[in-house]
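[1] Give me a model of this one.
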Amino acid sequence: MLAERGDHMTQSIDLSTFRDVDGAPDPPALIRFLDAVKHQPALAELEHRLVEELRLRPGMHVLDAGCGPGTQTLALARAGEGTTAIGVDASRLMIEEAVRRAEGTGLDVSFEVADVKRLPFPDAAFGAVLAQTVFEHVPDAAAVTAELVRVTRPGGRIAALSIDTASAVLDHPDAWTTRRITETWADGFAGGRVGRSLHRLFREAGLVDATVDVRAAPFPAAFVGALLRPTTARMVHDGELDPDAANRWWTVFEERAASGAFVTASLWFLVAGTVTG
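    Numbering: from 1, shown residues only. The predicted structure follows:
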């Protein structure tokens, strides 16, 4: 369950369920989570930079791979005059939400259910491809990169933004337990550590002018707490974490969060490159 209070989240949200949104216990909560993330200033800046890296020109045909509820697809359509944007996602529910949000906008956008590992498009179909927070949820990032290259025209740009979940930083005095929790959280993703590999994967896929921009993005403590609670609950249930140790850890977490001076952050990797002829 997830609820929003301003820029904060309360209760908990299990991000590992993004691997199968339609089969998740509460898919609407995942959509609300994505909306809550959009209000985080650090990520909003990165999203703007991500679109800039595509170097869109008027009349381009653009793909948003792993579009979720379509927020970035709409942004792509607005970014260039005469731009046609297509959003694909493995989740039927996400696509239905994206279609609903696009209604009445007058933008040239469309959406369809598709697997980013096997896109239903011919070679060189797009002038630019965007992949935001997609690689974290796929087991074979190299195969997805190759597929994005396949559907991009020579000279076209591919830009991706991914969090490296294992890079989470928390100002907590119990470093040993903190490390165990954050590492276990990262292990719950198909590609929890993919951010640090994307630049290499882009170059190995033949992309030229490949660049990487690494940012440490802070997030509110309540936001991070909502993400980590399902992990600690599973660790206690599976005997990987002593219940008393978990309670002590959360007591300190909440005390420091209430102080207003509790630093939490993660590394985000913005990678872009150009497809060769």
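[2] Settle this for me: residue 116 is touching residue 66, isn't it.
    Yes. Taking contacts as Cβ atoms under 8 Å, residue 116 lies within contact range of residue 66: 5.6 Å. Placement of C-beta: from N, CA and C, glycine included.
[3] Which one's more surrounded, the two?
    residue 66 (26 against 22; other Cβ atoms under 10 Å).
[4] separation between the more buried one and residue 94?
    Using Cβ to Cβ, to the nearest Å, residue 66 is found at 9 Å from residue 94.
[5] And residue 147, by the same measure?
    Taking Cβ to Cβ, one finds residue 147 at 19 Å from residue 94.
[6] the more surrounded of those two?
    The neighbour comparison of residue 147 against residue 94 (other Cβ under 10 Å) goes to residue 94, with 26 against 20.
[7] now the helices: where do they sit in the stretch 101-250 of the chain?
    Assigned by DSSP state H, counting those that start in this stretch, the stretch 101-250 of the chain shows helices spanning 141-150, 175-187, 198-204, 221-237, 243-259.
[8] Identify whichever of the ones you listed lies nearest to residue 129.
    Among the helices of the stretch 101-250 of the chain, helix 141-150 comes nearest to residue 129, with 5.0 Å by Cβ to Cβ.
[9] pull the CA atoms of the closest one into CSV?
    Once non-C-alpha atoms are left out, helix 141-150 reads as follows in CSV (Å, rounded to 0.1, in the frame of the first residue of the first chain):
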residue,chain,number,x,y,z
ALA,A,141,20.4,-5.7,-20.1
ALA,A,142,22.7,-6.5,-23.0
ALA,A,143,19.9,-8.1,-25.0
VAL,A,144,17.6,-5.2,-24.4
THR,A,145,20.3,-2.7,-25.4
ALA,A,146,20.8,-4.7,-28.7
GLU,A,147,17.1,-4.6,-29.3
LEU,A,148,16.9,-0.8,-28.8
VAL,A,149,19.8,-0.4,-31.2
ARG,A,150,18.0,-2.6,-33.8
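[10] List the buried residues for that helix?
    141, 144-145, 147-150 (16 or more other Cβ atoms under 10 Å).
[11] Phi and psi next, for residue 138.
    When read as degrees, to the nearest 10, the backbone of residue 138 gives phi -120, psi 140.
[12] In this protein, where is pLDDT below threshold?
    1-11, 17 (pLDDT under 70).
[13] what ranges do the strands span in this structure?
    Ranges of strands within the chain are 2-5, 8-11, 61-65, 84-89, 109-113, 126-132, 152-170, 208-218, 264-274, based on DSSP state E.
[14] which of the buried residues of helix 141-150 lies closest to residue 126?
    Distances from residue 126 to the buried residues of helix 141-150, taken by Cβ to Cβ, are shortest for residue 148, at 9.1 Å.
[15] how much space between the closest one and residue 20?
    From residue 148 to residue 20 the distance is 21 Å (Cβ to Cβ).
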